[in-house]
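Novice: I'd like to go over a predicted model; first the sequence, then the structure.
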Amino acid sequence: DAIYRNLLEVVMGLDSCMGILYDALESSGKLDNTLLIFMSDNGFTLGSHWLNGKSLPYEPSMKIPLLIRYPEWFTAGTTISDRMALNLDIAPTIYEAAGITYNEPLDGYSLKSLYDGSVTRTEMYYMMQNTQGGPSSSPSKRAIRDMQYKYTHYSCFSDTVEEFFDMVNDTLEMNNLINNQAYNVLVELYREKFNTIKTFYGDTFPDLLKNCFIANPYVLKEVVEEAEYPVLQPMVYPTITRESVELYMPWTTATAILYNEFGQVAGRWEVSETFSRLTFASLPAGVYYLRLFNEKESVTQKLIITGD
């Protein structure tokens, strides 16, 4: 809840600032001659797939909003969903709007060209390379995403290093088709396409292979121990779970009480270890609240239990 609240407070502040800027442009007569672009450099999973972060190639991280206002180029209220824009396209867009001729090669296109159809893009290559060691460092991730499918490859030792999703019929990416025999031919085609695109972009730097699996749990202990600053408040992970959570407790002792959305007690634990696991036996799916407290301090964390 604290993370969501902080994000919403930031957005509220930005919205207020943008209102001031918009009014100033409008009153000065410069609004329609100003290119306004609203976007982010990445998204966050924030509990999706039981994860928290921005580097895994799932849609909450990869697919970000892009809104643009420039009446000279774009018709108000238009939504484009049959082609892809990338952050690589922002610089060429600004150059063209400003009338600047840039003679060096650019990887992206002007959004004007993508909008009017003079160029098109219906697939993309994603790469997040990790060259740093450490027990909690994640593997490198690469993916190709087109309008129908997404193929993902992780730099793990194990055999479970690939994912293949039907992005039309499985938009939440819940059904990994990589081992579905009905898709064997299609998966092999995407593997070949992946290797071709990887070579085309010169992505040949060797990865650090990790002893990892797609189903590995998130290890809270390693994150806390490698944090840049001391973690002074309890941490619970994940906040969307089926039957258990990891708990980091910086206090000497604490009581943990789990309440359902009606305020009824669903579980109680006495916590004296810095790192522990709380298991919820056969609880129905729903929203719960985990209160951690002692004589001096109290913290409450919202949880979503998915059930079987």
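Specialist: Thanks, I have it.

Novice: so residue 258, which of the three states?
Specialist: Three-state assignment for residue 258 (DSSP: H, G, I helix; E, B strand; the rest coil): strand.

Novice: before we move on, which element is the closest residue to it other than its chain neighbours in?
Specialist: Nearest residue to residue 258 in three dimensions, chain neighbours excluded: residue 267, at 4.0 Å (Cβ to Cβ, 6 or more residues apart in numbering). Quick note: C-beta positions are derived from backbone N, CA and C, even for glycine. Assigned by DSSP states H and E, residue 267 belongs to strand 265-271.

Novice: show me what that strand is packed up against.
Specialist: Here strand 265-271 touches strand 254-260, going by 3 or more Cβ pairs under 8 Å, 6 or more residues apart in numbering; DSSP states H and E.

Novice: buried residues in the strand it packs on, which are they?
Specialist: 254, 256, 258, 259, 260 (16 or more other Cβ atoms under 10 Å).

Novice: what's the angle from the strand holding residue 267 to strand 254-260?
Specialist: 170 degrees (axes from the mean of the first three to the mean of the last three Cα atoms, to 10 degrees).

Novice: dump strand 265-271 to CSV, restricted to CA.
Specialist: Taking Å, rounded to 0.1, in the frame of the first residue of the first chain, the C-alpha atoms of strand 265-271 are listed here in CSV:
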residue,chain,number,x,y,z
VAL,A,265,-8.7,-12.9,12.8
ALA,A,266,-7.5,-15.5,10.3
GLY,A,267,-4.1,-16.3,11.8
ARG,A,268,-1.7,-15.3,14.6
TRP,A,269,2.1,-15.8,15.0
GLU,A,270,4.8,-14.8,17.5
VAL,A,271,7.9,-13.7,15.6
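
Novice: can you give me how far that strand is from the chain middle?
Specialist: 32 Å (Cα atoms, centre = their mean, to the nearest Å).

Novice: now it: buried residues?
Specialist: The neighbour-count check on strand 265-271 (16+ other Cβ under 10 Å) flags 266, 267, 269, 271 as buried.

Novice: could these be laid out in a markdown table, adding pLDDT?
Specialist: Below are the buried residues of strand 265-271 laid out as a markdown table (pLDDT from 0 to 100):
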| residue | pLDDT |
| --- | --- |
| 266 | 95 |
| 267 | 94 |
| 269 | 96 |
| 271 | 95 |
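
Novice: of those residues, which is the nearest to residue 70?
Specialist: residue 266 (52.9 Å; Cβ to Cβ).

Novice: can you tell me the closest non-neighbouring residue to that closest one?
Specialist: residue 258 (4.6 Å).

Novice: same deal with residue 39?
Specialist: residue 66 (4.8 Å).

Novice: how about residue 34?
Specialist: Residue 34 sits nearest to residue 25 (Cβ to Cβ, 6+ apart), 5.4 Å away.

Novice: now the one you found: how far from residue 276?
Specialist: Using Cβ to Cβ, to the nearest Å, residue 25 is found at 55 Å from residue 276.

Novice: what ranges of this structure fall below the confidence cut-off?
Specialist: Along the chain, the parts satisfying pLDDT under 70 run over 1, 50, 131-137, 158-160, 213-219, 222-223, 226, 228, 307-308.

Novice: where do the helices sit along it?
Specialist: 2-27, 59-62, 90-98, 111-116, 184-200, 220-225 (DSSP state H).

Novice: okay if I get those helices as JSON lines plus distance to residue 139 and mean neighbour count?
Specialist: Below are these laid out as JSON lines (distance: least, Cβ to Cβ, whole Å; neighbours: other Cβ atoms under 10 Å):
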{"stretch": "helix 2-27", "distance to residue 139": "24", "mean neighbour count": "11"}
{"stretch": "helix 59-62", "distance to residue 139": "15", "mean neighbour count": "20"}
{"stretch": "helix 90-98", "distance to residue 139": "28", "mean neighbour count": "16"}
{"stretch": "helix 111-116", "distance to residue 139": "32", "mean neighbour count": "19"}
{"stretch": "helix 184-200", "distance to residue 139": "15", "mean neighbour count": "14"}
{"stretch": "helix 220-225", "distance to residue 139": "15", "mean neighbour count": "16"}
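
Novice: with adjacent residues omitted, what lies nearest to residue 33?
Specialist: Closest to residue 33 by Cβ to Cβ, 6+ apart is residue 72, at 7.8 Å.
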